Every structure is written in C-alpha cells, then in structure tokens.
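[1] below is the sequence, then the predicted model.
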Amino acid sequence: MSGYSGAIRIISSFHRDSSELPSQLVAPVTFRHRRYDDLVRTLYNVHNECPYITRLYSVGRSVKGRHLYVLEFSDFPGIHEPLEPEVKYVGNMHGNEVLGRELLLQLSEFLCEEFRNGNQRIVRLVESTRIHIMPSMNPDGYEVAAAQGPGISGYLVGRNNANGVDLNRNFPDLNTYIYYNEKYGGPNHHLPLPDNWKSQVEPETRAVIHWIRSFNFVLSANLHGGAVVANYPYDKSLEHRFRGFRRTANTPTPDDKLFQKLAKVYSYAHGWMHQGWNCGDYFPDGITNGASWYSLSKGMQDFNYLHTNCFEITLELSCDKFPRQEDLQREWLGNREALIQFLEQVHQGIKGMVLDENNNNLPEAVISVSGINHDVTSGDHGDYFRLLLPGTYIVTATAPGFDPETVSVTVGPGEPKLVDFQLKRSIPQVTPTRRVPNAGPGGRVLPKKVQPRAAK
Ligand SMILES: [Zn+2]
C-alpha cells in the first residue's frame, strides 16, 4: 500500500517557541496495548483527524458501564446509501483475547491516514462501503486481563464479562430450529428471537443484537485469539450422538463454499495463517468449519447467519491471547492486507433494488437462490445484497401480495452484478402463496416440537 511505512508516523508540528526542534517531528507509531481510556482517546483522535468520513457511536454499555463504541467509515457517515453494503468487524469479545482490539484500532488509524493520503484502493473502499468497527465488545473483561498484563495472564482471566458470562456462548440458540427446519421444512433464514431473549442475555449481547438488527449488515468478522485460523459457520454441531463428549462433526451451512472462500481470502492474505501449522494445530489452508474443530452453542457467528442477512466468520489471530507489546507491529503487518481484502469481499455476487410497479421500495422482500437453502431479504430502502461465488444462478424475488419474479443471472469474479426486481401486485382474488422454505417476513412461526437445549 502506497505511502505507508507502518513503522513511523510523520507529525507536522509548529513549535514556534522551540527553535531546536525540526519542523517535522518523527514519532514512533504507537503499537501498544490500550486500556479503555486510551481506546476511547484513539477513536476520538481518528474521528477528529477524519471527520468527514467517520462517525463514532456507542451501541450500549457493558455491565460496568463502559461504552461499546463503534467507529464508522463511509463517504456519508450516518447514512445508508442504497446499494452500498454495510460490513462490520468486532474485536475483543473475549476480554483476554486482545490482538483483535489493537488491530482494529490500528486499522481505523490506517483507513483514516490512507484516505487522507489519497490511496486509491482505500478511497474506493470507503466510498463504496459502509464499514463499522467495534474494537471491543467486552471492555470490562479486557481491564481484568490487562491488569495482569501479557504473559502473566491466566488462560481464562478476563475472558468473560463482569457477570462471569462467556459472551460467545450467550446468543439465542437458533441452530436447533434451523436443523429442525432443514429436515421438516420451515423458514431457512431470519429465524425469530425467543420471546424472552432479553432476559436471557447479558447487556453486551443485548446491545450487539440491537445493533446487528438495526443495520442491514452483509459481511462481518469476529476477532479472537488462542489459535491462528479462520473459522466459518456453523459453530454448533448437528451431531448429538456423543453427548457429554466433545462432539466434532463438520456442520456446513447452505453457503458452505462461499464461507470457505471468505475464510481463505483472509488466511491467504494473512502473513502465515494459510500455512496451516500454527500454535501446535494444523488446519488445511488455515481455515476450518467451526463445528468440525469443536462444537459450541449460542455463538455469535451462527446467530448472525440465522437471524440476519449477515455472513460472519470468526478469526483466531494469535497463539498468545495477550501478545507482548513488541509483537504488535509484526501482527499488524501480518494482518493488514487480510483485514482490507476481507472488507473488499462484500463486493461480490448480486445486489439490486426490489421495487413495486410504482417504483416504491419493497423492504423485506425475500431473495432466493435456487440450490442454496438460505434466503436473504431486502433492507429498509428496498436494496438487497446476495454474496455468491461466480456461476449461473436462478434467482427469485418474492414479497407478500406480489407475484414472484424469477431471473437467471451469471455472476463473474469481479464486481457484483446489478439485478433489480420490479414486482407486480398479485390479482386480488388469488390468495398469495409462498414456497415452503420461504416463510417471508410475516412467517415468523416457531416449530413447536423443538425447544432450545439447556446451556452447556
Ligand atoms: Zn475467543
């Protein structure tokens, strides 16, 4: 990337009262672990340096009242532009897994600086994408881990939130429903939240669920540590036969090939993840299906896929959960390209508008792709995004009260193909019917026979 040294930053300075100082001061870049106050200061600094392309907001507070900050990058911060996809990064969900937090702060500084430097790749990315960066989902846990410091930190100290809950085991379990529906029929997307979900999750989880429901996110990554591998859904194993033991069974989503590609984009753009041998483990290509590694219930990536339009993967980024400060620069250089390339992956497949005959937007229209049993929906502005690998697909748009429209689309490897739909109202006397897998926005019906499993 042009013009970025990675090691030093030139700061213009005006020291009129000190003739000894050069007109430019060379300061070391701050590759350091940042406590909460420092994190907040960094985010405000980036916003102040790049006010026209950033917005800093909080999605809620932790148990101890710390903000869950998000820094947004966009050419129109705070505004969803139709056909411009929303992406997100979440770091430090486990408070003692700190590399993601520092990488996301570094990434924020990098995006700001490179945009200002006119780096064409970064300018294009920011102008075509709305990027949301949450460096820490568990600021309370971080403070506990950081009080111990690198090396001394126990393997689990600071992992949980201040109530002692593992946030990546705290999302509503929707897998049980989808596995039922896959077998017996039912909605294949946007599974509803249980009625009592708010009382069953932690404040951090609740804030994040509200957040991911209020934007039409398309792509996401959740940054962890303790291994080096790109982990894709499902995390929860379908296999229940070995109950009581560690159950591992490859449990692919209907979008398995796409998820593998997304994971590989990260692992191959990463300095060493793709080599496979890391931290004493071996993962071919540096990727793994979550459940095939080890099964976990109520994780965030499965929830994103089953409840929203968002495709999320989980990135394990360092053997050492709390790396030494001296290692941070090497880690940044090993991850920088991968963090950018992954964001660029949101620009593939198909996207377009769903409109009625009078050109009104149709939100919550269902977009189905033949052969992939996972639909997506249009957002509030009637725009939809469907990530797809190159190929030819039969795509259908449906909305309650409208006739479905089906088209054949060939997707190339480059930019997403624009496919708009203009749906005609159904003839009034005909009762609208929907295909079985598509319950659509109105069809939020729970299968009554299956109850969520008890927490592990
Ligand atoms: Zn973790």
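    The structure has been received and is ready for your questions. Just so it is clear, the structure is predicted and the values come from calculations on it, not from any experiment. Numbering: from 1, shown residues only.
[2] list the contacts for the nearest residue to residue 174 once chain neighbours are set aside?
    What sits nearest to residue 174 in space, not counting adjacent residues and going by C-beta to C-beta, 6 or more residues apart in numbering, is residue 306, at 4.0 Å. Glycine gets a C-beta too; all of them are placed from N, C-alpha and C. Counting by C-beta atoms under 8 Å, 6 or more residues apart in numbering, residue 306 makes contact with 174, 175, 177, 178, 189, 191.
[3] beyond the longest helix seen in the chain, next helix or strand please.
    Longest helix in the chain by number of residues, with DSSP state H as the criterion: helix 99-117. If you walk from helix 99-117 toward the C-terminus, the next helix or strand you reach (DSSP states H and E) is helix 120-128.
[4] got a list of contacts for that following helix?
    The contact list for helix 120-128, computed with C-beta under 8 Å, 6+ apart, reads 1, 53, 73-75, 84, 111, 114-115, 131, 340, 343-344, 347.
[5] show me which of those residues are buried.
    Among the contacts of helix 120-128, those classed as buried by neighbour count (16 or more other C-beta atoms under 10 Å) are 53, 73-75, 84, 111, 114-115, 131, 340, 343-344, 347.
[6] show me the two of those residues that sit farthest apart.
    Longest distance between any two of the buried ones among the contacts of helix 120-128 is 19.3 Å, between 84 and 114; criterion C-beta to C-beta.
[7] re the thing from before, just name the closest of the buried ones among the contacts of helix 120-128 to residue 363, please.
    residue 84 (16.0 Å).
[8] quick one: the nearest residue to that closest one once chain neighbours are set aside from the ion, how far?
    Distances taken as C-beta to C-beta, 6+ apart place residue 130 nearest to residue 84, at 5.8 Å, with adjacent residues excluded. When C-beta to the ion, to the nearest Å is applied, the distance between residue 130 and the ion equals 26 Å.
[9] ok, residue 130 touching residue 82?
    No. At 11.3 Å, residue 130 does not count as touching residue 82 under the criterion of C-beta atoms under 8 Å.
[10] these two: which has the busier surroundings?
    residue 130 (26 against 14; other C-beta atoms under 10 Å).
[11] is the more buried one bridged to anything, and to what?
    Going by DSSP bridges, residue 130 is paired in beta bridges with residue 86.
[12] residue 410 too?
    Here residue 410 shows beta-bridge partners residue 392, assigned using DSSP bridges.
[13] can you count the residues close to it?
    Summarising burial for residue 410: neighbours were counted as other C-beta under 10 Å, giving 10.
[14] got it, and the one 3 residues further on?
    Using other C-beta under 10 Å, residue 413 is surrounded by 7 other residues.
[15] the chain should start at 460 in everything you say after this.
    Yes, from this point I'll number from 460; that puts the last item at residue 872.
[16] do you know how far it is from residue 806?
    Distance from residue 872 to residue 806, counting by C-beta to C-beta, to the nearest Å: 11 Å.
[17] could you do residue 580 as well?
    In this structure, residue 580 lies at 12 Å from residue 806, with C-beta to C-beta as the measure.
[18] residue 501 too?
    Here residue 501 is placed at a distance of 28 Å from residue 806 (C-beta to C-beta).
[19] same question, residue 818
    With distances taken as C-beta to C-beta, residue 818 is found 25 Å from residue 806.
[20] repeat that for residue 495.
    Residue 495 sits 34 Å away from residue 806, going by C-beta to C-beta.
[21] not counting residues beside it along the chain, what's closest to whichever residue of the stretch 760-909 of the chain sits closest to the ion?
    Among residues of the stretch 760-909 of the chain, the one nearest the ion by C-beta to the ion turns out to be residue 775. It sits 7.3 Å away. On the basis of C-beta to C-beta, 6+ apart, the spatially nearest residue to residue 775 that is not a chain neighbour turns out to be residue 686, at 4.0 Å.
[22] what about this structure, any weak spots by pLDDT?
    Residues of the chain meeting the criterion pLDDT under 70: 460-488, 610-613, 698-706, 888-915.
[23] redo that, cut-off 80
    Low-confidence regions of the chain, defined by pLDDT under 80, span residues 460-489, 608-614, 698-707, 887-915.
[24] the ion contacts on that one?
    The chain comes close to the ion at residues 553, 556, 683, as judged by C-beta under 5 Å from the ion.
[25] contact partners of stretch 744-752?
    Counting contacts by C-beta under 8 Å, 6+ apart, the residues outside stretch 744-752 that touch it are 687-698, 707-711, 715, 719, 722-723, 726-727, 729, 732-735, 737, 742, 755, 758, 760-761, 773.
[26] of the residues you listed, buried ones?
    Buried positions within the contacts of stretch 744-752, assessed by neighbour count (16+ other C-beta under 10 Å), are 687-697, 707, 710-711, 715, 719, 722-723, 726-727, 729, 732-733, 735, 737, 742, 755, 758, 760-761, 773.
[27] check contacts around the spatially closest residue to residue 838 that is not a sequence neighbour.
    With C-beta to C-beta, 6+ apart as the measure, residue 675 is the residue that lies nearest to residue 838, at 3.6 Å, once sequence neighbours are left out. The neighbourhood of residue 675, defined by C-beta under 8 Å, 6+ apart, consists of 539, 545, 767, 768, 838, 839, 842, 844.
[28] redo those as CSV? Include secondary structure.
    Compiled in CSV, the contacts of residue 675 are given as follows (DSSP: H, G, I helix; E, B strand; the rest coil):
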residue, secondary structure
539, coil
545, strand
767, coil
768, coil
838, coil
839, coil
842, strand
844, strand
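[29] quick check: beta-bridge partners of the closest residue to the ion within the stretch 660-809 of the chain?
    Closest contact between the stretch 660-809 of the chain and the ion, by C-beta to the ion, is at residue 683 (3.4 Å). Beta-bridge partners recorded for residue 683 (DSSP bridges): residue 775.
[30] for it, the count of nearby residues, please.
    Counted with other C-beta under 10 Å, residues neighbouring residue 683 total 23.
[31] any idea which element the residue lying closest to residue 746 once chain neighbours are set aside lies in?
    Taking C-beta to C-beta, 6+ apart as the measure, residue 746 lies nearest to residue 722, with 3.9 Å between them; neighbours along the chain are not counted. Element membership for residue 722, per DSSP H and E: helix 715-728.
[32] wait, isn't residue 493 in contact with residue 502?
    No. Taking contacts as C-beta under 8 Å, residue 493 lies outside contact range of residue 502: 9.9 Å.
[33] residues in contact with both of the two, list them for me.
    Taking C-beta under 8 Å, 6+ apart as the contact rule, residue 493 and residue 502 both touch residue 564.
[34] which of these two has more neighbours?
    Each of residue 493 and residue 502 had its neighbours counted (other C-beta under 10 Å), and the higher figure belongs to residue 502 (23 against 20).
[35] relative to helix 558-576, how tilted is the host helix or strand of the more buried one?
    For residue 502, the host element (DSSP H and E) is helix 495-508. In this structure, helix 495-508 runs at an angle of 20 degrees to helix 558-576, with axes from the mean of the first three to the mean of the last three C-alpha atoms, to 10 degrees as the basis.
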